[in-house]
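Chemist: take a look and give me a structure for this.
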Amino acid sequence: MQTVILFPTQAEAEGFSTAHPDAEVRICGVGMVRTAACVARLLHEGYRRFVLAGIAGSYGGRLPKGSVVAVAEERVAGLPAAYADSYRATWVPQGLETVTSNTVTSCGAEPDGADIENMEGAALFALCAEFGADCCQIRAISNTVGENRSGWRVKEAVTALHETLDKII
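Modeler: Below you'll find the model as predicted:
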């Protein structure tokens, strides 16, 4: 079964697809809506195994910039408790620390027990749960949540992300 590797942006994917020309790499777009549309299309095309790979922010700086983690549980931040669901990865690559993540629509949501935040994860996990597809999410820490963007280490995080994917794929 072919695994599709989804990156939210071209900048996060850049270099990986060149180094792995046989890998099925797609840009899903930033945010839940674009990711959901991309995953729905891929499910319709028959794909059933997904890796979402991108950068993320760490709450409280507990995870150092450049570290790479696997998301075991994903939630949508900011929903009222009556509507708050959590979604789980169907598989987690060995050797990575597992975390809980909030999917946010803007940076800086309250952690509410999460370790990191991203903008796409819940969409992937929810669609895969609904359609019985396999999924995992790998995130490299680029920043501390709430930090000024000038302090972000995107290039360092993307390099660490690609090195980790090289070992997994």
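Chemist: and the contacts of the helix or strand of the chain with the lowest mean pLDDT?
Modeler: Ranking every helix and strand in the chain by mean pLDDT, DSSP states H and E puts helix 16-19 at the bottom, with a mean of 92. By C-beta atoms under 8 Å, 6 or more residues apart in numbering, the residues outside helix 16-19 that reach it are 5, 7, 23, 25, 162, 165, 166. Every residue, glycine included, has its C-beta placed from N, CA and C.
Chemist: the last one falls within a strand, correct?
Modeler: No: assessed by DSSP: H, G, I helix; E, B strand; the rest coil, residue 166 does not belong to a strand; its assignment is helix.
Chemist: next, work out how far apart it and residue 53 are.
Modeler: Per C-beta to C-beta, to the nearest Å, residue 166 is found 11 Å from residue 53.
Chemist: between these two, which is the more surrounded one?
Modeler: Neighbours per residue (other C-beta atoms under 10 Å) separate residue 166 from residue 53, with residue 53 holding more: 25 against 11.
Chemist: run the chain-centre distance for whichever strand or helix holds residue 41.
Modeler: Residue 41 is part of helix 32-44 when elements are defined by DSSP states H and E. A distance of 14 Å separates the centroid of the chain from that of helix 32-44, by C-alpha atoms, centre = their mean, to the nearest Å.
Chemist: and for the closest residue to residue 48 other than its chain neighbours, the neighbour number?
Modeler: Counting by C-beta to C-beta, 6 or more residues apart in numbering, the nearest residue to residue 48 once its immediate chain neighbours are dropped is residue 133, at 4.5 Å. For residue 133, the count of nearby residues is 19 (other C-beta under 10 Å).
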